[in-house]
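**Student:** Sequence and predicted model, in that order:
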Amino acid sequence: MRIRNTVAVAVLALAATSTAGVGLAAAEAPHPAPAPAACSGPTPKAAEAIKVRAKPTTHSTAVGRLDKGERTCVLGSTTGEKYHACGLTQNYWTEIKYAGHKRYVPNACLEE
């Protein structure tokens, strides 16, 4: 019985690291990562974990998030709804490329 359990564990471990490149870590990713490498603009990082919004308002749908230290591709900036985030109250939002679409994050939460 012990040998059968050991073989089963080994098979599962091998399947998780197959040459197809779809291991457990990739399957458990909480959100798609932006691709700063293909970015023609600046690529600041998130000062803390922040929600990515469909529009520049806190009432807009959260379509994902940036984890602390995660870099993103900046497309521009705009004004929108006033928010309090990352220790500041402002109405400046940064337009970013996220999962192939233009999305918005609080400007106060991005740093070089």
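**Tutor:** That came in fine, so what should we check first?

**Student:** hey, let's count contacts and neighbours off CA atoms from now on
**Tutor:** Will do.

**Student:** Neighbouring strands of the helix or strand that contains Leu75 in the sheet, and parallel or not?
**Tutor:** Using DSSP states H and E, Leu75 sits in strand 73-85. Sheet pairing here is set by DSSP bridges, and for strand 73-85 it gives strand 88-98 (antiparallel).

**Student:** Name the residues of the strand it pairs with that are buried.
**Tutor:** 90-98 (16 or more other C-alpha atoms under 10 Å).

**Student:** With just CA atoms, put the strand holding Leu75 into CSV.
**Tutor:** Output of strand 73-85 as CSV, limited to C-alpha atoms (Å, rounded to 0.1, in the frame of the first residue of the first chain):
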residue,chain,number,x,y,z
CYS,A,73,2.0,49.5,-18.5
VAL,A,74,0.8,53.1,-18.4
LEU,A,75,-1.2,54.4,-21.3
GLY,A,76,-2.1,57.8,-19.9
SER,A,77,-3.9,59.6,-17.1
THR,A,78,-7.3,61.1,-16.4
THR,A,79,-9.5,62.7,-13.7
GLY,A,80,-12.4,60.8,-12.3
GLU,A,81,-14.2,60.2,-9.0
LYS,A,82,-12.4,61.3,-5.8
TYR,A,83,-10.9,58.4,-3.8
HIS,A,84,-8.8,57.9,-0.7
ALA,A,85,-6.1,55.3,-1.3
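
**Student:** could you point out which element follows the lowest-mean-pLDDT helix or strand in the chain?
**Tutor:** Ranked by mean pLDDT, DSSP states H and E, the helix or strand of the chain with the weakest confidence is helix 24-27, at a mean of 36. Going down the chain from helix 24-27, the next helix or strand is strand 45-46, by DSSP H and E.

**Student:** sec struct for Ser60, please.
**Tutor:** coil (DSSP: H, G, I helix; E, B strand; the rest coil).

**Student:** mind checking how far it is from Ala54?
**Tutor:** Separation of Ser60 from Ala54 (C-alpha to C-alpha, to the nearest Å) stands at 6 Å.

**Student:** Fine, thanks again, bye for now.
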